[in-house]
Structure formats: structure tokens, C-alpha cells
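Undergrad: below is the sequence, then the predicted model.
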Amino acid sequence: MENNNALKNGEVKKSEKPELETAPAPVPENIKKFREVSAAARAGDPERIKAQNDKGKFTARQRIQYLLDENSFYEIRSLVETRCTDFGIKDKHIKGDGVITGFGRVNGREVAIFAQDFTQLGGSLGLVHAQKISYIMDLALEAKIPVIGLLDSGGARIQEGVDSLDGYGEIFYRNVKASGVIPQISVILGPCAGGAVYSPALTDFIFMVEGISHMFVTGPSVVKSATGEDVDFDTLGGSHAHGQQSGVCHVVAKSEQDCFRQVKELLTFLPQNCNEKASAPSSEDSIDRKTPFLEQICAMDPRKPFRAQHVIWELADQNKFFEIHRDFAKNVVVGFIHLGGEVVGVVANNSDHLGGALDINASDKAARFVRFLNAFNIPILTLVDIGGYLPGVEQEHGGIIRHGAKLLYAYAEATVPKITLVLRKAYGGAYIAMSSKYLRGDFNYSIPSAEIAVMGPRGAIEILYSRDIKAAPPDKTEEIKAKLTADYAAKFASPYQTASTGAIDEIIEPSAARSRIIHAVRILKNKRDPRENPRKGNIPL
Ligand code: HXC
């Protein structure tokens with residue numbers, strides 16, 4: 001094709017196109033108006049913004065800016081207003097209706113996001129506000145990307161009556177439909193009351209910030225009038241109440257900045273959806289790195305407690321562990337690590353708290369985490385050191401049978417790679433529950449000092465030899481018990497009987513634990529659920 005601008009002798013012909021005017025064209029009136037409307041909608045009320053900042057809180061817009069990659073926010077429906085005509089709220093023309101919604105990127109990955117704006121009607125949820133949230137949830141589910149909610153809301157908007165309940169109902173329904181399909185993260189950044197707490201409770205992870213996050217179904221004044229109890233905001237529904245006691249909150253942060261940093265970190269362990277695998281950064285940490293702390297465990301008095309985190313740190317790439325539910329049910333430790341560059345979820349009994357016994361809360365905590373991992377294709381590493389379920393009337397009447405069964409169910413149901421390492425005690429039903437061979441662990445390992453038995457030696461001999469013990473002279477009882485216990489322990493409290501049955505695949509050198517586990521994860525990399533596309537919801541347990 002002939003090039004018009006190029007002459008044969010190499011000269012360039014002057015363009016025949018008319019030159020553009022150098023002075024900028026005046027901005028058309030309609031664009032000016034759009035820019036004004038748009039800027040006003042985003043500006044907010046300076047007094048209310050100041051009040052929000054004075055409470056030590058960011059505004060919804062500041063939060064989005066902080067969490068998302070620079071200039072990545074793609075807002076939608078910024079101009080919608082309530083349709084409610086009661087109490088004069090329509091006349092206020094509040095643009096956005098108390099919530100900012102859209103899409104953006106976190107460390108380069110697409111997410112859907114909504115941020116409730118406490119400066120507009122207390123972030124309360126009316127019908128249009130709910131429709132905005134529902135819409136981005138629908139798109140996120142279709143596009144298969146995570147949803148992050150930043151919540152700061154007085155709950156159902158009282159002025160809108162049952163329309164707000166309608167709105168909550170629609171969100172709850174979507175939370176359940178998205179469960180196990182896309183990760184859902186809730187960040188509580190203010191008072192969240194009534195309906196504002198149940199949507200987060202249906203999501204996978206709840207973050208709270210010390211001092212500014214509160215969650216309750218009914219606030220202190222309703223509690224006072226209903227039960228007569230005097231309780232303040234923090235005691236009733238602060239980050240400590242939910243991070244330590246109720247287990248509603250998964251991660252407690254010191255500040256909003258710290259909270260966003262942790263949300264970003266959590267996302268590095270999650271896939272975009274249930275059809276993908278989490279991508280992990282390549283690791284510089286040697287696969288063959290030795291694990292001396294595990295050797296120490298072999299030499300340790302078996303009754304001496306140790307923190308499960310020490311083992312996890314030692315096994316993990318760069319010794320990094322993102323712990324979930326750190327202060328709740330500390331007898332079991334759960335969280336994410338990278339292992340040889342792969343994302344792995346860890347569940348570990350922790351002898352440093354209640355001797356590592358499984359109780360109601362620990363069973364719920366571990367079961368829900370296992371179900372999350374299974375829903376999102378994340379291999380499970382289980383570190384076992386457990387004497388049994390916690391005995392006692394309180395536990396029995398509280399339903400340890402019902403709650404303990406959840407863990408058995410979760411492990412048996414899980415089809416992701418399951419690697420188990422018995423570190424010390426593994427007795428009875430609790431041993432079965434902790435990803436044993438019977439629940440289809442793929443690789444079940446033990447270090448040589450492990451004690452795998454139907455029950456602890458002392459308890460076993462007291463039942464087996466009760467007549468002999470009763471018949472013995474009182475001053476000899478302890479001596480006889482000690483001898484029987486030692487004999488029983490020598491025969492049964494080791495991994496060898498279990499290894500001979502194949503319920504332990506291999507007894508391994510403790511210092512080689514990291515490399516053995518990484519190899520197991522790599523071997524199982526392409527393990528898939530044999531059922532075609534089974535949906536695995538993450539029901540709150
Ligand atoms: C409408 C609300 C509101 C609500 C707060 N506001 N909550 N407007 N509906 N639910 C408004 C206030 O009127 C006020 O408006 C502004 O938000 C700030 O509220 P303040 O009370 O001044 O702030 P603060 O002292 O920080 O207290 C925040 C609060 C408190 C703890 C959230 O406002 C509160 O207790 N609100 C009600 C909480 C509640 O009971 N919600 C449950 C709703 S029923 P102005 O214009 O004066 O500044 C529900 C059921 C759903 O949610 C069930 C679904 C399963």
C-alpha cells in the first residue's frame with residue numbers, strides 16, 4: 001500500500017489534515033454539570049466527615065483508598081438515592097444512599113467491594129442501599145471474584161420499615177449462594193447492630209479493630225431493658241468479646257491500617273474462587289531445611305506443653321504463619337502458611353492450652369476452617385498432639401458430642417490433599433478425628449516419639465487392672481500403677497503398632513518433617529474431588 005506521506009526522494013510531504021485548534025475547546029455545559037454532581041456526591045458532608053475522623057475512624061472513601069491498589073477503584077451507582085418518602089429522607093437527596101459500591105484491585109487481583117458510610121444516615125441499610133450491595137454481589141458471583149464488605153452501620157434503616165428487612169433478606173440469600181464459591185470477607189469498622197451483624201456472620205472471615213468495631217444483635221440499652229444487665233459497648237460486642245469469647249471474629253487488628261494490611265495478607269492465601277487454586281509466591285526457603293524443634297519434641301517430657309505455633313513457624317516457608325482465630329479456642333491452632341511455594345491450611349492441637357484437648361469451641365473452630373479449605377482447594381496439614389475430648393459435665397451438657405461430630409464430618413468430607421503428622425499424643429476418638437487414615441488422610445506420618453493408642457497409659461491400666469490395684473496394699477498402689485503404666489506405654493504408647501497396620505504410612509525423622517510434607521503436597525497437587533463440580537458451602541458452625 002502506498003504511503004501518502006513518504007515521497008520517493010525521502011522528503012516528507014506536509015500533512016493535508018487541518019491543524020487542531022491550539023486553544024482548548026470550552027467544556028460543554030452538560031459535562032460541567034455532570035462533573036459538579038459527581039464531585040458533590042463524592043464530597044460528603046464536611047462536618048460529619050470531621051466527626052467520623054475525630055472518633056479515630058476513616059470515612060468509607062478513605063477506607064477504600066487505603067485497601068485497594070492506587071487508582072484501581074471503579075465505582076458504580078454513586079448517584080442513587082433512597083425512594084423512601086417517609087420522615088423526609090428523600091428530600092435530603094443523599095447520593096449513594098449510605099454505601100459506596102464498586103470493584104477494584106488488591107495486589108493486582110480483582111475484588112468487589114462495598115463500604116458503608118456512617119456519615120450518611122449512620123450507614124443504615126435501606127432498600128436501595130441493599131440493592132447496591134446485592135448488585136455487586138451478583139456480579140462478583142458471576143465474575144468469580146472475592147467480595148469484601150467494609151461495615152459501619154446502625155442496621156436496618158428504621159425510617160424505611162420492612163423495606164430494610166427486605167434488603168437484608170436479599171443480602172443474606174446472596175451470602176449463602178456465594179458461600180464456598182467466592183471468598184467473602186467482612187471488615188467491621190464501627191457499630192454494627194441488628195441485621196448488620198448477620199450478613200458478616202454468613203461470610204468466611206470477619207475482621208474487627210480494637211476500640212472501634214462493635215457487633216451485637218441488640219445494643220446495651222435493649223439488653224438493659226430486656227434482662228436488666230448493665231453492660232457497655234465494648235464488653236458486649238467489642239473485638240475482644242468476639243475475638244476471644246464468642247469466636248464471631250476471626251482476626252483482631254490494632255488499627256484500621258493494621259486491619260487493611262491483614263486483609264491484604266489474607267487474600268494472598270486465597271484463590272479467586274472455588275474453581276481456582278491459590279497462587280503462592282515462589283519460595284527461596286530450602287525444601288530440605290531441617291526442623292530441629294521437632295527433634296526437641298522427641299527428647300521432651302511428654303507431659304511438658306509446647307505452643308503449636310513453634311512447630312508451624314518452623315515448618316512454614318520463611319517461618320510465616322497467618323493465624324485465624326488466634327485468641328479463640330486456643331487449644332487448637334488454625335491458619336495459613338506457604339510450604340515449598342504452595343498455600344497450605346494448618347490445623348494443630350495446642351498442648352499449651354487445656355492440654356490440647358478438643359472441646360466445643362475448638363471443634364467448631366477446626367471444623368469450619370477445614371470446610372473452608374475444602375471449599376477452596378487448599379491442602380490441609382494436620383499436626384496431632386491430643387489426649388482426647390475435654391471431659392466434664394459442662395462440655396457434655398453443652399453438646400460436645402454434637403460439636404465434636406462436626407470435626408469428624410468435616411475431615412471425612414474433605415477431598416483436598418490431607419497430610420497428617422502425629423507429633424506426640426494421639427489417643428482414641430480424638431486421634432480418629434484429627435485427619436486419621438480412617439477419615440482418608442492421604443499421607444499419615446508420625447515422628448518416633450508419638451504415642452498412638454486407644455487411650456493414655458495411666459487411664460488404660462486403671463481400667464484393665466482395677467481389681468489388682470484395689471487388692472494391693474495401699475502403700476504399694478502407686479508403685480504398682482507406675483510399673484503397669486510403664487509396661488503399657490512400652491507396648492502400646494508408640495507409633496509402631498499403628499505403623500504395622502498401615503494407619504501410619506511412615507514414621508519419619510523429625511528433622512526431615514518439612515521436606516516430607518512438601519513432597520507430599522507436591523505429589524497431591526493435582527488431586528481432585530472425584531465428583532463433578534460438587535458445591536461445598538461454608539456454613540457457619
Ligand atoms: C436509621 C440510624 C440508624 C438506623 C443510626 N442512625 N442507626 N438511622 N436507622 N438503624 C442514624 C442516627 O439517627 C444518626 O443520625 C446517625 O445515624 C448517627 O447515629 P448516632 O446515634 O448519633 O451515633 P452513635 O452515637 O455513634 O451510635 C451509633 C449506634 C446507634 C450505636 C449505631 O445509632 C444505634 O444504636 N442505632 C440503632 C441500632 C439498632 O438498634 N439497629 C437495629 C435496627 S433493627 P443523625 O442524622 O441524627 O446524625 C435491625 C433488624 C434487622 O437491624 C434484622 C435482620 C435479620
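TA: It's in. Numbering: from 1, shown residues only.
Undergrad: okay, CA-based contacts and neighbour counts for the rest of this
TA: Noted.
Undergrad: gap between the two ends of stretch 314-327?
TA: Using Cα to Cα, to the nearest Å, one end of stretch 314-327 lies 21 Å from the other.
Undergrad: then stretch 515-530?
TA: Start-to-end span of stretch 515-530 (Cα to Cα) is 28 Å.
Undergrad: looking at the stretch 351-500 of the chain, what residue ends up closest to the ligand?
TA: Arg368 (22.4 Å; Cα to the nearest ligand atom).
Undergrad: whoops, the stretch 51-200 of the chain was the one
TA: Gly122 (3.1 Å).
Undergrad: I figured that residue hits Gly98, correct?
TA: Yes - using Cα atoms under 8 Å, Gly122 makes contact with Gly98 at a distance of 7.5 Å.
Undergrad: who's more crowded, those two?
TA: Gly98 (29 against 17; other Cα atoms under 10 Å).
Undergrad: can you pull out the helices in the stretch 1-150 of the chain?
TA: 29-43, 46-54, 60-67, 127-143 (DSSP state H, counting those that start in this stretch).
Undergrad: which of those helices is buried the deepest?
TA: helix 127-143 (a mean of 20; mean count of other Cα atoms under 10 Å).
Undergrad: excluding covalently adjacent residues, which one is nearest to Ala41?
TA: Once flanking residues are discounted, Ala41 sits nearest to Lys95: 5.5 Å by Cα to Cα, 6 or more residues apart in numbering.
Undergrad: before we move on, what about Gly335?
TA: Glu323 is the one closest to Gly335 (Cα to Cα, 6+ apart), at 4.2 Å.
Undergrad: a strand runs through the one you found, doesn't it?
TA: Yes - in this structure, Glu323 lies within a strand as judged by DSSP: H, G, I helix; E, B strand; the rest coil.
Undergrad: number of nearby residues for it?
TA: 18.
Undergrad: against the ligand, how distant is it?
TA: 30 Å (Cα to the nearest ligand atom, to the nearest Å).
Undergrad: wait, doesn't that residue sit right on Lys330?
TA: No - at 11.0 Å, Glu323 does not count as touching Lys330 under the criterion of Cα under 8 Å.
Undergrad: for the stretch 351-500 of the chain, what spans make up the strands?
TA: Per DSSP state E, counting those that start in this stretch, the stretch 351-500 of the chain carries strands over the ranges 380-386, 418-427, 443-446, 451-453.
Undergrad: coming back round to it: ok, the closest residue to the residue of the stretch 351-500 of the chain closest to the ligand other than its chain neighbours to His310 distance?
TA: With Cα to Cα, 6+ apart as the criterion, Arg368 has its nearest non-adjacent residue at 6.0 Å, and that residue is Leu541. For Leu541, the distance to His310 equals 27 Å [Cα to Cα].
Undergrad: also Val344?
TA: Using Cα to Cα, Val344 is found at 17 Å from His310.
Undergrad: show the model's pLDDT score for the residue nearest to Ala41.
TA: Among the per-residue scores, Lys95 shows a pLDDT of 87.
Undergrad: with the one 5 residues further on instead?
TA: You'll see Ile100 listed with a pLDDT of 98.
Undergrad: who is it paired with across the strands?
TA: Ile100 forms beta bridges with Ala115, as assigned by DSSP bridges.
Undergrad: correct me, but it touches Thr119?
TA: No - applying Cα under 8 Å, one finds Ile100 not in contact with Thr119, separated by 11.7 Å.
Undergrad: give me the mean pLDDT for stretch 285-294.
TA: According to the model, stretch 285-294 has a mean pLDDT of 93.
Undergrad: look at that stretch and report the distance between its end residues.
TA: Span of stretch 285-294 from end to end, Cα to Cα: 18 Å.
Undergrad: try stretch 195-213
TA: Span of stretch 195-213 from end to end, Cα to Cα: 15 Å.
Undergrad: and for stretch 287-294?
TA: End-to-end distance of stretch 287-294 (Cα to Cα): 16 Å.
Undergrad: just the residues contacting that stretch, thanks.
TA: Stretch 287-294 is contacted from outside by 310-311, 314-315, 340, 423, 510-515, 518, using Cα atoms under 8 Å, 6 or more residues apart in numbering.
Undergrad: before we move on, what about stretch 106-116?
TA: So stretch 106-116 is contacted by 60-61, 63-64, 67-69, 98-105, 123, 133, 136-137, 140, 145-153, 264 (Cα under 8 Å, 6+ apart).
Undergrad: ok, now stretch 40-56?
TA: 58-59, 78-79, 95-96, 118-119, 212.
Undergrad: same thing but 7 Å
TA: For stretch 40-56, contacts defined as Cα atoms under 7 Å, 6 or more residues apart in numbering pick out 58-59, 79, 95, 119.
Undergrad: quick one: distance of that stretch to the chain centre.
TA: Centre-to-centre, stretch 40-56 and its host chain are 31 Å apart (Cα atoms, centre = their mean, to the nearest Å).
Undergrad: do stretch 346-355 as well
TA: 19 Å.
Undergrad: and that stretch, how far apart are its ends?
TA: End-to-end distance of stretch 346-355: 19 Å, with Cα to Cα as the criterion.
Undergrad: now swap in stretch 317-327 and tell me
TA: End-to-end for stretch 317-327, by Cα to Cα: 23 Å.
Undergrad: same thing with stretch 446-462?
TA: 27 Å.
Undergrad: neighbours around the nearest residue to Phe328 once chain neighbours are set aside, how many?
TA: Closest residue to Phe328 apart from its sequence neighbours, by Cα to Cα, 6+ apart: Gln244 at 4.4 Å. If you count neighbours by other Cα under 10 Å, Gln244 ends up with 18.
Undergrad: confirm that Gln244 sits in a strand.
TA: No - going by three-state DSSP, the assignment for Gln244 is helix, not a strand.
Undergrad: how close does the residue most central in space within the chain get to Gln262?
TA: Nearest to the geometric centre of the chain sits Phe205, at 4.0 Å (Cα atoms, centre = their mean). Separation of Phe205 from Gln262 (Cα to Cα): 12 Å.
Undergrad: the ligand contacts on the protein?
TA: Applying Cα under 6 Å from any ligand atom, we find that the chain lies next to the ligand at 121-122, 124, 154-158, 165, 168, 191, 193-195.
Undergrad: list the ones among those residues that fall in strands.
TA: 191, 193 (DSSP state E).
Undergrad: ok, which pair from the residues of the chain next to the ligand is furthest apart?
TA: Leu165 and Pro191 (18.4 Å; Cα to Cα).
Undergrad: so which of these two has more stuff around it?
TA: Of the pair Leu165 and Pro191, Pro191 is the one with more neighbours under other Cα under 10 Å, namely 24 against 20.
Undergrad: show the contacting residues for that one.
TA: Counting by Cα under 7 Å, 6+ apart, Pro191 makes contact with 152-154, 213-215.
Undergrad: from the residues you listed, which has minimum pLDDT?
TA: Gly154 (89).
Undergrad: what about the closest residue to that one other than its chain neighbours, distance to Thr101?
TA: Distances taken as Cα to Cα, 6+ apart place Ser124 nearest to Gly154, at 5.0 Å, with adjacent residues excluded. To Thr101, Ser124 is 15 Å away according to Cα to Cα.
Undergrad: just Ala482 next, same as before
TA: Taking Cα to Cα, one finds Ala482 at 67 Å from Thr101.
Undergrad: just the buried members of the residues of the chain next to the ligand?
TA: 121-122, 124, 154-157, 165, 168, 191, 193, 195 (16 or more other Cα atoms under 10 Å).
Undergrad: any idea which residue of the stretch 251-400 of the chain lies closest to the ligand?
TA: Closest point on the stretch 251-400 of the chain to the ligand, by Cα to the nearest ligand atom, is Glu256, at 17.1 Å.
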